[in-house]
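In: Next one to model:
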Amino acid sequence: MRDEYVRSALEVIGDPNVLINVVSRRVKQLKRGNRALVESLEKLSPEDTALREIIERKISYELATPAEIAAHHG
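Out: Residues are numbered from 1 along each chain as shown. Here you go, the predicted structure:
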């Protein structure tokens, strides 16, 4: 992953743990064949593509509520 992409993505999603989760989920989608939401003249890795999508605010996320978390772990 490119350091500058990570730094820029952290300006959008301030919590590194949340950023890692969003990127890893998106990388799985990209590897399954989902189309990238950003254009690039160079071939980007799925991780860099996900970071660019976050930087350009093409994907968003919601944090689970405590009740949702409890439901998944109960």
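In: Tell me which helix or strand I20 sits in.
Out: Using DSSP states H and E, I20 falls within helix 16-31.
In: So for the helix or strand of the chain with the lowest mean pLDDT, what gets flagged as buried?
Out: Ranked by mean pLDDT, DSSP states H and E, the weakest helix or strand in the chain is helix 66-73, scoring a mean of 83. Within helix 66-73, no residue counts as buried by 16 or more other C-beta atoms under 10 Å. All C-beta atoms are positioned from the backbone trio N, CA, C, and that covers glycine.
In: May I ask which helix or strand encompasses S60?
Out: S60 belongs to no helix or strand, assigned by DSSP H and E.
In: cool, G33 as well?
Out: Using DSSP H and E, G33 falls within no helix or strand.
In: on that earlier part again, and the helix holding I20, what does it pack against?
Out: Packing partners of helix 16-31 (3 or more C-beta pairs under 8 Å, 6 or more residues apart in numbering; DSSP states H and E): helix 3-12, helix 46-55.
In: sorry, back to before: contacts for the least confident helix or strand of the chain, please.
Out: Defining contact as C-beta atoms under 8 Å, 6 or more residues apart in numbering, one finds that helix 66-73 is touched by A64.
In: excluding its backbone neighbours, what's nearest the residue nearest the centre of the chain?
Out: In the chain, the centroid-proximal residue (C-alpha atoms, centre = their mean) is V23; its distance is 2.9 Å. Take V23 and drop its neighbours on the chain: the residue closest to it by C-beta to C-beta, 6 or more residues apart in numbering is A50, 4.6 Å away.
In: again with V27
Out: P46 (4.4 Å).
In: Pretty sure that neighbour sits against L30.
Out: Yes: counting by C-beta atoms under 8 Å, P46 touches L30, with 4.3 Å between them.
In: Let me know the helix or strand that L37 is in.
Out: Here L37 is assigned to no helix or strand, by DSSP H and E.
In: That one contacts R57, correct?
Out: No: using C-beta under 8 Å, L37 is not in contact with R57, being 10.0 Å away.
In: So the two - more neighbours on which side?
Out: Each of L37 and R57 has its neighbours counted (other C-beta atoms under 10 Å); L37 has more, 15 against 9.
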